[in-house]
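>>> Quick one: sequence plus predicted model below, questions after.
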Amino acid sequence: MNSGVPSMHESPSGDSLAVCRRSPFGAGRKMLLAGLLTLGSLFGLVFAGSALAATATVGLGTAASFSVLGGSTVTNTGPTTMFGDLGLSPGSSVTGAPHVLGQTHVDDAVAIGAKNALTTSYNDAAGRPSNGSAGTDLSGQTFLPGVRTASSSLLLSSGAVTLDAQGDPNAVFIFQIGSTLITGSSTTVALINGAQACNVFWQVGSSATLGTGTRFVGTIMASGNITANTAATIHGRLLAQTEAVNMDTNTITTSNCASSVTGTGGGTETTTPAEATALAAATVLAETTASGTTVAPSVKPGATPPANARKTTGKRSHRRPPRHHGSRRTSKRRPLARPALPHRRGSFTG
């Protein structure tokens, strides 16, 4: 008599028991895979959000080729050199004869078109959502890419402000300034870790003033006037919507990259050898002018700065008068003759 059930005819209950006896690792693997897929999706969303959050650059349109663009007038004192174009509209007075390596457009169709493009760019920069405050004084601060806002005036009182691109050459820096931008003498805007001048923008609600010997970087778009004091150097642009641009012995080198006109793309900014030479000479001039040292006039673009740029006028000659060998005198003095002693009487034997 067989009391058991043949193995080939197991009951449904036996099947369920066999299923229950299976290792739970299969189900765990499925859960792990599902979790990994979920995490992957979350990371993808985070990176996509970061890409979307990256600040886009400001396209300047036809204003991109201009080093200086004024509204009412453009004035200059001393040997100013600009590597881009000079434009003025609706004014017609350019005084002081700055050295323009690009084209000059005074109240013509090109200048009018550039002013319209400037208005569009100014409004674009002013309308960007802010990533935080720029404070009231930039001195000693370091900024990462993004949009920084100053509700009223913004000052660079001393030293330097640093813009850190964190290795991204397309990183964009926009400063929205409610009223004035002022830099002190010998101050610097420094770029590190791949930051490029063509992606730095200063949108100024009224006027901008660059102090003596300031080394400035980026495109200034001012509603009012712009003044660059003695020996200030600008790697960028001075673009004024309605009022004057005033210069004094300045060097303005261009800051163009692929995104300068359209506002899309990126690309690496290039500096010509002539610009590099002029900027180096201008930097020396800025440093010495700010310190009160008199220097020679700046060199022409493309020329090599002189090894000694400082003036030597008024120096006394250190040449010695020629020696006359025939009348050379010995430096030793002869001993003085002793006074003759009186002869004693009777002592003479000669």
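Nice, thanks for sending it over.
>>> burial of the closest residue in space to residue 108 that isn't next to it in sequence, as a residue count?
If the residues on either side of it in the chain are set aside, residue 108 comes closest to residue 89, at 7.8 Å by CB to CB, 6 or more residues apart in numbering. Using the backbone N, CA and C atoms, a C-beta is placed for each residue, glycine as well. Using other CB atoms under 10 Å, residue 89 has 22 neighbouring residues.
>>> I'd guessed residue 89 sits against residue 117; true?
No: in terms of CB atoms under 8 Å, residue 89 does not count as a neighbour of residue 117; the distance is 11.4 Å.
>>> Helix, strand, or coil at residue 280?
Under the three-state scheme (DSSP: H, G, I helix; E, B strand; the rest coil), the conformation of residue 280 reads as helix.
>>> Over to residue 118?
With three-state DSSP as the basis, residue 118 sits in helix.
>>> Now it. Nearest residue, chain neighbours left out?
Computed as CB to CB, 6+ apart, the closest residue to residue 118 that is not its neighbour in sequence is residue 63, at 4.6 Å.
>>> do the same with residue 272
Spatially, and ignoring its direct neighbours in sequence, residue 272 is nearest to residue 83 (7.9 Å; CB to CB, 6+ apart).
>>> So what does the one you found have for phi and psi?
When quoted as degrees, to the nearest 10, the phi and psi of residue 83 stand at phi -90, psi -20.
>>> and what of residue 271?
According to degrees, to the nearest 10, residue 271 has phi -120, psi 130.
>>> burial of it, as a residue count?
As a burial measure, residue 271 scores 15 neighbours (other CB under 10 Å).
>>> for it, what are its contacts?
Residue 271 makes contacts with 253, 279, as judged by CB atoms under 8 Å, 6 or more residues apart in numbering.
>>> gap between the closest residue to residue 137 other than its chain neighbours and residue 165?
With CB to CB, 6+ apart as the measure, residue 155 is the residue that lies nearest to residue 137, at 4.9 Å, once sequence neighbours are left out. Distance, residue 155 to residue 165, using CB to CB, to the nearest Å: 24 Å.
>>> Give me the more crowded residue out of those two.
Between residue 155 and residue 165, counted using other CB under 10 Å, the more crowded position is residue 165 (20 against 17).
>>> which residues touch that one?
Taking CB under 8 Å, 6+ apart as the contact definition, residue 165 lies against 145, 171, 191-196.
>>> Go again with 10 Å.
Applying CB atoms under 10 Å, 6 or more residues apart in numbering, one finds that residue 165 lies in contact with 144-145, 171-173, 191-196, 199-200.
>>> can you check residue 184 too?
For residue 184, the set of contacting residues under the criterion of CB under 10 Å, 6+ apart consists of 137, 139, 155-159, 209-214, 290.
>>> Throw those residues into TSV and include secondary structure and distance to residue 244, thanks.
Putting these into TSV (DSSP: H, G, I helix; E, B strand; the rest coil; distance: CB to CB, whole Å) gives the following:
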residue	secondary structure	distance to residue 244
137	strand	26
139	coil	27
155	strand	22
156	strand	22
157	coil	25
158	coil	27
159	coil	29
209	strand	12
210	strand	14
211	coil	18
212	coil	19
213	coil	21
214	coil	18
290	helix	24
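>>> Let me have the residues you listed in CSV, extended by distance to residue 238 and pLDDT.
Shown next, in CSV, are the contacts of residue 184 (distance: CB to CB, whole Å; pLDDT from 0 to 100):
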residue, distance to residue 238, pLDDT
137, 22, 98
139, 22, 98
155, 18, 98
156, 16, 98
157, 21, 98
158, 22, 97
159, 23, 97
209, 11, 98
210, 9, 98
211, 14, 98
212, 16, 97
213, 16, 97
214, 12, 98
290, 19, 64
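>>> Out of those, flag the one nearest to residue 230.
residue 212 (4.8 Å; CB to CB).
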